[in-house]
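# Pasting the sequence and the predicted model now:
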Amino acid sequence: MAQLLSSSSSLTIFSRNKPYLKPFNQCSMSFSTSAACNNSTYPFRKLFLQRQKPRKSLVLQVSAVSTSIETPVQTSSGEPSKPQRVMVIGGDGYCGWATALHLSKKGYEVAIVDNLIRRLFDHQLGLDSLTPISSIQNRIRCWKSLTGKSIELYIGDICDFEFLTETFKSFEPDAVVHFGEQRSAPYSMIDRPRAVFTQQNNVIGTLNVLFAIKEFREQCHLVKLGTMGEYGTPNIDIEEGYITITHNGRTDTLPYPKQASSFYHLSKVHDSHNIAFTCKAWGIRATDLNQGVVYGLRTDETAMHEELCNRFDYDGIFGTALNRFCVQAAVGHPLTVYGKGGQTRGYLDIRDTVQCVELAIANPANPGEFRVFNQFTEQFSVNQLAALVTKAGGKLGLNVETITVPNPRVEAEEHYYNAKHTKLVELGLKPHLLSDSLLDSLLNFAIQYKDRVDKKQIMPSISWRKIGVKPKTVTA
Ligand SMILES: O=c1ccn([C@@H]2O[C@H](COP(=O)(O)OP(=O)(O)O[C@H]3O[C@H](CS(=O)(=O)O)[C@@H](O)[C@H](O)[C@H]3O)[C@@H](O)[C@H]2O)c(=O)[nH]1
């Protein structure tokens with residue numbers, strides 16, 4: 001059922017009377033079970049169905065470049081241990097691709113599971129990464145040829161439990177890193193179909209992963225990408241997952257209150273609740289990484305070859321604040337500060353994302369434990385980011401201006417923000433703090449690729465208040 005591509009020696013596609021490209025097939029299955037999505041407006045799975053005809057199973061031979069190197073994995077205590085098998089769901093995306101390579105380099109046996117829908121969103125919305133990116137198959141072949149290390153590839157949708165079952169049985173993961181979600185807040189606020197898709201895809205996908213662990217790999221550690229946005233912006237300090245409260249003379253440690261502010265962020269809240277429950281009920285071991293806003297392009301591994309280059313989003317839907325500001329500065333577009341610009345969030349370099357995930361895997365949660373880490377290294381307001389980019393741009397001879405854009409979101413624009421983030425540091429995280437040199441290199445990348453920038457994609461076009469039930473068509 002699952003499609004498996006191992007760059008080591010052969011490309012094997014399993015199929016039992018089903019279409020060989022799983023997403024096209026599974027969509028008809030998961031689609032038909034959902035009244036919410038089962039209509040002609042559904043933006044993506046319908047497209048799958050139109051495109052792919054069933055094929056028989058197929059095995060292709062791909063020449064092996066070199067043999068795999070068995071590198072012992074170093075735990076944080078420095079003890080070598082048997083290489084763990086890590087399944088990276090969403091391993092073709094911005095954080096997932098960098099993480100898959102990093103773990104492979106560190107000696108883990110890695111499999112990427114991905115339905116490639118992120119690439120489809122770009123096609124449907126007329127967007128593109130600032131950087132040219134290779135197909136996932138070429139990325140993996142390139143990695144193999146450079147390092148001798150194999151990464152297995154399973155193309156399919158984790159919302160299809162049959163597909164997920166096959167991947168679990170075939171790969172037998174010791175840890176699952178789950179990045180495989182629709183991760184854009186604006187995307188989830190485009191229209192009703194995208195809001196429904198985001199929550200269905202994210203919540204059901206995670207639920208399926210939990211069931212797969214329970215059924216097939218009960219010792220497997222789930223490392224789930226959550227978001228700092230689950231907490232919102234409360235007027236008190238944000239703790240790491242839990243808060244001890246004394247109420248009417250009694251004291252308890254409880255999940256920290258959640259106040260998410262988009263259908264996307266809410267999907268992560270729902271995931272957290274489902275994971276917490278299954279840790280209690282079934283003894284699942286899980287770590288929820290409440291990640292802040294990620295910036296940056298290169299990691300040691302993605303910088304090794306242009307075919308390994310990561311994606312870099314700058315548009316109003318998938319681009320995030322600092323990455324967007326660097327591209328805006330490079331092309332002479334004023335920096336787009338939404339509203340008053342006092343919105344403060346936790347930020348981290350993508351090199352720290354990969355480090356944090358590795359630390360979580362190397363130091364797993366105990367059976368039944370639902371562990372929450374706040375994964376960011378520094379806090380900035382949007383105004384502070386704009387000031388930093390203006391200064392760094394000035395040093396490169398760019399004349400950077402800032403405009404105030406009416407805020408398309410519903411969010412506090414001036415607020416208290418103080419979030420704890422000590423647990424990953426205690427495990428050994430060595431943060432790459434935002435520096436002049438990093439901003440310099442990000443701006444230089446943006447300048448290098450500035451001919452690829454579509455300026456029409458820069459201004460925000462999605463309004464939290466104007467979201468409607470009708471599917472929004474994005475015209476060219
Ligand atoms: O051109 C822009 C873009 C953003 N913002 C503001 O910057 C803040 C952050 O927005 P963002 O688009 O950089 O990040 P966000 O939508 O929160 O989502 C991103 O960061 C989240 C972490 S966090 O923000 O929830 O901590 C992740 O979960 C998401 O997957 C990722 O897309 C918001 O207040 C937004 O209004 C601007 O002022 N101007």
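Good, I have the coordinates. Numbering: from 1, shown residues only.

# which residue packs closest to R119, ignoring adjacent ones?
What sits nearest to R119 in space, not counting adjacent residues and going by CB to CB, 6 or more residues apart in numbering, is D92, at 7.4 Å. The way it works is simple: take the backbone N, C-alpha and C, and place the C-beta from them, glycine included.

# these two touch, right, the one you found and I136?
Yes - using CB atoms under 8 Å, D92 is in contact with I136, at 4.7 Å.

# Return the residues of the stretch 301-450 of the chain in contact with the ligand.
Counting by CB under 6 Å from any ligand atom, the residues of the stretch 301-450 of the chain close to the ligand are T320, A321, R324, T336, V337, Y338, Q343, R345, G346, V382, R409, E411.

# make it 5 Å
T320, A321, R324, T336, V337, Y338, Q343, R345, V382, R409 (CB under 5 Å from any ligand atom).

# burial count for the residue of the chain found nearest the ligand?
Residue of the chain nearest the ligand, by CB to the nearest ligand atom: G229 (2.5 Å). Residues lying near G229 (other CB atoms under 10 Å) number 25.

# again, but for the one 4 residues further on
Here the count is done by other CB under 10 Å, and T233 has 21 residues near it.

# part of a helix, is it?
No - counting by DSSP: H, G, I helix; E, B strand; the rest coil, T233 falls outside a helix, being coil.

# tell me which strands and helices the helix or strand that L153 is a member of is in contact with?
According to DSSP states H and E, L153 maps onto strand 151-155. Using 3 or more CB pairs under 8 Å, 6 or more residues apart in numbering; DSSP states H and E, the elements in contact with strand 151-155 are strand 3-6, helix 94-105, strand 109-114, helix 136-147, helix 161-171.

# okay, D92 and I136: which has more neighbours?
D92 (26 against 20).

# distance of that one from T287?
22 Å (CB to CB, to the nearest Å).

# again, but for H421
Noted for H421: a distance of 14 Å to T287, by CB to CB.

# more crowded one of those two?
Neighbours per residue (other CB under 10 Å) separate H421 from T287, with T287 holding more: 29 against 22.

# what residues are up against the residue nearest to the spatial centre of the chain?
Nearest residue to the geometric centre of the chain (CA atoms, centre = their mean): F179, 4.3 Å. Contact analysis of F179 by CB atoms under 8 Å, 6 or more residues apart in numbering lists V88, I89, G90, G91, G93, C95, G96, T99, L225.

# thought the fourth one was touching T99?
Pointing back at G91 there. Yes - G91 is in contact with T99 according to CB under 8 Å; the separation is 7.3 Å.

# Remind me what the helix or strand encompassing N374 packs against, helices and strands.
In the assignment (DSSP H and E), N374 maps to strand 370-375. Here strand 370-375 touches helix 263-282, strand 285-291, strand 344-349, helix 350-362, helix 423-426, going by 3+ CB pairs under 8 Å, 6+ apart.

# hang on, the earlier thing: pLDDT score assigned to the residue of the chain closest to the ligand?
Here the pLDDT value assigned to G229 is 98.
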